[in-house]
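K.L.:
Whatever this is, show me its structure:
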Amino acid sequence: MGSRRLLIFIVAYNADRTLEEVLDRIPESVWAHATRVLIIDDASQDRTFEVGLDYERRHPGRDIEVLFNPVNQGYGGNQKLGYQYAIDHGFDVVALLHGDGQYAPEKLAELVRPVLDGEADAVMGTRMVSPRAALAGGMPLYKLAGNRILTWLQNRLLGTRMSEFHSGYRVYSVRALQQIPFELDTNNFHFDTEILIQLFRKGFRVLEIPIPVYYGDEICHVNGLAYAWNVIRTTIASRVHDLGILYQRKYDLRSPAEIYGLKLGYRSSHTMAIERVPAGARVLDLGCGRGLLAAELAGKGCIVHGVDDRDPGEAPGLAAFTRHDLDDGPPALDLADFDVVLMLDVLEHLHSPEAFLATLHRLPGANQPQFLISVPNVAFLPLRLRLLAGGFEYGREGILDLTHRRLFTARSLRRLLDQSGYRLHEVWGVPAPFPKAIGDGRLGRMLTALNGLAIRVSRRIFAYQLMVRATALPTVRVLLDRSRAASSNRRNDPPPVDAGSGRGPAAADSHPGELRKPAG
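P.N.:
Numbers count the residues shown, from 1 in each chain. Next up is the predicted model:
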C-alpha cells in the first residue's frame, strides 16, 4: 500500500452475534498496513455498539473507531456517513463490509488491490460468476433468479455488462466518491444501484472480482418486491433523465461536451439541417459551439462562418469565427454574404428572441439568405402528461433545459416569426433523440421511427423539436428604397406595355419557396 490509506467501513444493524467474527476474519496482512476500521451501528436494538467497543478495547494495537447513529439512517444513509468520513479523514480507498458476515473478509486484499494499483476506480465482489456456487453457498433460488433478471434488465437499460448489480461487497476510490453526489442518493437499500449508476455516468472504471457466497441464519431486512421495484424505477429514471423529461440532479454528471454533442445517424435537428443546406453553400452558424456541425457541412463543400460567445478551439470546419454574445443581438455582418443562416437551438437561450430577430431582420442583406431555425416543443406529449399530473421540472438538457429562458410551441414560434418580419415557408417536426438517451441500437431507432410516424398525425403534440425554414421580408425602408429606384427607372425608361393586358410585366417573387443554390 505504501503511503495509501485504506478505510474498512463496516455497516452494522442488529449484528451483535456476528460482528466480532467479521472483525476476526480480516486478514493480518490487511491489518498490518496503515488501515483503520470504522464501524457504524445504525441505531441497532441489540448490543452491536457495545460489541464493537469491547473489541476495540481488547485490541489496542488496531486502529478501530465505533460510531452509533441515534436515529436509524437506513442502509444507504449509513453508507453516506462512512463515505463522508473517508473523505473528511483523507483516506485513499474505502472498502465496504457488512457486519452480518455475508461477505468474506478474507477477500479484502484481493478486492482492494486493483483500486490501490490504479487499475480500477471501484471493485465489486460478484457472486454471479457461478450460479451453482451461489446456490451451494445458501443463496435462495428466488434471490438468485431475481438478481439475474434485475441485472439483465439494468444492463440493457444502461448499456453495461455487469454480472451483478446487487452485491454489497464493494471497494471505492475516495477520489471517485468525491466526484459523485452520493449524498443525493436514497437512504434505502437501492443506494447500491444509484451509486453504481453515478460511477458509470461519470466514466469511472468498475471491476468485478468473484467472491464466495455465504448465507447463514442472519435476518434479512430487505423487502424483495419493494427493492426490485425501486431498482427498476431508479434505473429507468436515469435514462429518462437523458431525454430531458424528468430531471434527476443526482444523475446530472455529464460534461457540457457530452450533453451538447451532435445527434447524427438518425432523424434529428442536426441531420435535418445538414440535409437541407445545399452543397457548397455559404453558411452563417449562429451559436456554433465547438464547430461540430460546421465540420459536417464542410464535408459538403460549405463555407461556414461561426458565431458564439466562447472560442471553439480547434474547429477545422469553420472558415471564419466571430466571438460574440448573442444576448447582445446578432453580430454586425452583411447577410448578403450568406446563402443560409442557421439558428439551431438558439432562440430558447436568449433574453429576448423578439429583439434578436428584429435586429437580425434589419441587418444589410437580411432578405437574401434562407433561415433554418430549430426550437424545443414544450407541447410535446410527455410534457403535457407530466403537467397534467402536476409535474414541470427543468433539467440539464432537453426541452426544459436549465439554460432555456423561453418556451415555444408550434403556434408561438410561428407567431414570433410573423411578428418579427419573417415569412415561414416550411415547418418540420423532429422526434425525440431516443438513440442518444437509451443507446443507438435497434430499440432507439425503432422508437425514433415510431415518433416520426406520430409526428405525421400531429406535429404540435408529438414533435420533440420544431424546425422551420423562413426568409426575412423586406423592411419598410428597403421597400421605400425600391420604390424610389423603380420610380426613377420608369421616369428615365418607361417599361413596354403588354399589348394583351395593357399592363407591365408582373413582379417576380423575391422569396422563392425552395432553398436557393449558392451563388456562383
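K.L.:
What residues does the residue sitting nearest the centre point of the chain make contact with?
P.N.:
Nearest residue to the geometric centre of the chain (Cα atoms, centre = their mean): residue 242, 4.4 Å. Contacts for residue 242 (Cβ atoms under 8 Å, 6 or more residues apart in numbering) come out as 397, 436, 437, 438. Every residue, glycine included, has its C-beta placed from N, CA and C.
K.L.:
nearest to residue 46, of these?
P.N.:
Closest approach to residue 46 among the contacts of residue 242 (Cβ to Cβ): residue 438, at 45.6 Å.
K.L.:
Give me the residues contacting stretch 481-491.
P.N.:
residue 474.
K.L.:
low-confidence ranges in the stretch 401-520 of the chain?
P.N.:
For the stretch 401-520 of the chain, applying pLDDT under 70 flags the ranges 494-520.
K.L.:
So which residues of it form helices?
P.N.:
410-419, 434-438, 442-457, 459-462, 476-492 (DSSP state H, counting those that start in this stretch).
K.L.:
what's the closest of those to residue 27?
P.N.:
helix 434-438 (43.1 Å).
K.L.:
need the contact list for the nearest residue to residue 71 once chain neighbours are set aside.
P.N.:
Closest residue in space to residue 71, ignoring its immediate chain neighbours: residue 43 at 6.0 Å, by Cβ to Cβ, 6 or more residues apart in numbering. Residues in contact with residue 43 (Cβ under 8 Å, 6+ apart) are 13, 68, 69, 70, 71, 72, 73.
K.L.:
swap in residue 441?
P.N.:
residue 435.
K.L.:
what are the phi and psi angles of it?
P.N.:
With angles defined as degrees, to the nearest 10, residue 441 sits at phi -120, psi -160.
K.L.:
My read is that residue 274 contacts residue 295, right?
P.N.:
No - checked against Cβ atoms under 8 Å, the pair residue 274 and residue 295 is beyond contact range at 10.6 Å.
K.L.:
Next, count neighbours for residue 403.
P.N.:
10 (other Cβ atoms under 10 Å).
K.L.:
Now for the closest residue to it other than its chain neighbours, how many residues are close by?
P.N.:
Spatial nearest neighbour of residue 403, excluding adjacent residues (Cβ to Cβ, 6+ apart): residue 349 at 5.9 Å. Neighbour count for residue 349, taken as other Cβ under 10 Å: 16.
K.L.:
same check, this time on residue 194
P.N.:
Neighbours of residue 194 using other Cβ under 10 Å come to 26.
K.L.:
list the contacts for it?
P.N.:
So residue 194 contacts 76, 182, 185, 186, 234, 250 (Cβ under 8 Å, 6+ apart).
K.L.:
ok, now residue 161?
P.N.:
Counted by Cβ under 8 Å, 6+ apart, residue 161 has contacts residue 155.
K.L.:
could you say which helix or strand contains it?
P.N.:
Assigned by DSSP states H and E, residue 161 falls within no helix or strand.
K.L.:
how much space between it and residue 172?
P.N.:
For residue 161, the distance to residue 172 (Cβ to Cβ, to the nearest Å) stands at 20 Å.
K.L.:
same check, this time on residue 155
P.N.:
From residue 155 over to residue 172 (counting by Cβ to Cβ), the distance is 21 Å.
K.L.:
ditto for residue 393
P.N.:
Taken as Cβ to Cβ, the span from residue 393 to residue 172 is 30 Å.
K.L.:
The two: which is more packed in?
P.N.:
residue 172 (28 against 13).
K.L.:
sec struct for that one, please.
P.N.:
Under DSSP: H, G, I helix; E, B strand; the rest coil, the three-state class of residue 172 is strand.
K.L.:
Could I get the contacting residues of it?
P.N.:
Per Cβ under 8 Å, 6+ apart, neighbours of residue 172: 83, 93, 94, 96, 115, 121, 122.
K.L.:
Next step: these restricted to helices.
P.N.:
Judged by DSSP state H, the contacts of residue 172 include 83, 115 as members of helices.
K.L.:
Make JSON lines out of the contacts of residue 172 and add neighbour count and distance to residue 209.
P.N.:
Listed next are the contacts of residue 172 as JSON lines, based on neighbours: other Cβ atoms under 10 Å; distance: Cβ to Cβ, whole Å:
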{"residue": "83", "neighbour count": "22", "distance to residue 209": "20"}
{"residue": "93", "neighbour count": "24", "distance to residue 209": "14"}
{"residue": "94", "neighbour count": "27", "distance to residue 209": "16"}
{"residue": "96", "neighbour count": "23", "distance to residue 209": "14"}
{"residue": "115", "neighbour count": "26", "distance to residue 209": "11"}
{"residue": "121", "neighbour count": "21", "distance to residue 209": "14"}
{"residue": "122", "neighbour count": "21", "distance to residue 209": "11"}
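K.L.:
Let's have the contacts of residue 172 in TSV, adding distance to residue 480.
P.N.:
Putting the contacts of residue 172 into TSV (distance: Cβ to Cβ, whole Å) gives the following:
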residue	distance to residue 480
83	71
93	76
94	75
96	77
115	75
121	68
122	70
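K.L.:
can I have the host helix or strand of residue 226 written out in CSV, keeping just the CAs?
P.N.:
Under the criterion of DSSP H and E, residue 226 resides in helix 224-242. Coordinates of each C-alpha in helix 224-242 appear next as CSV, following Å, rounded to 0.1, in the frame of the first residue of the first chain:
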residue,chain,number,x,y,z
GLY,A,224,-37.6,-8.1,-2.0
LEU,A,225,-40.5,-6.8,-4.1
ALA,A,226,-40.1,-3.2,-2.9
TYR,A,227,-36.3,-3.5,-3.6
ALA,A,228,-36.9,-4.8,-7.1
TRP,A,229,-39.4,-2.0,-7.9
ASN,A,230,-37.0,0.7,-6.6
VAL,A,231,-34.1,-0.7,-8.6
ILE,A,232,-36.2,-0.7,-11.8
ARG,A,233,-37.6,2.7,-11.1
THR,A,234,-34.3,4.4,-10.4
THR,A,235,-32.6,2.8,-13.4
ILE,A,236,-35.3,3.9,-15.8
ALA,A,237,-35.3,7.4,-14.2
SER,A,238,-31.6,7.7,-15.0
ARG,A,239,-32.4,7.0,-18.7
VAL,A,240,-35.5,9.3,-18.8
HIS,A,241,-33.2,12.0,-17.4
ASP,A,242,-31.3,11.9,-20.6
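K.L.:
picking that back up, neighbour-wise, which one of the contacts of residue 242 leads?
P.N.:
In terms of neighbours by other Cβ under 10 Å, these top out with residue 397 at 23 neighbours.
K.L.:
what pLDDT does that one get?
P.N.:
According to the prediction, residue 397 has pLDDT 76.
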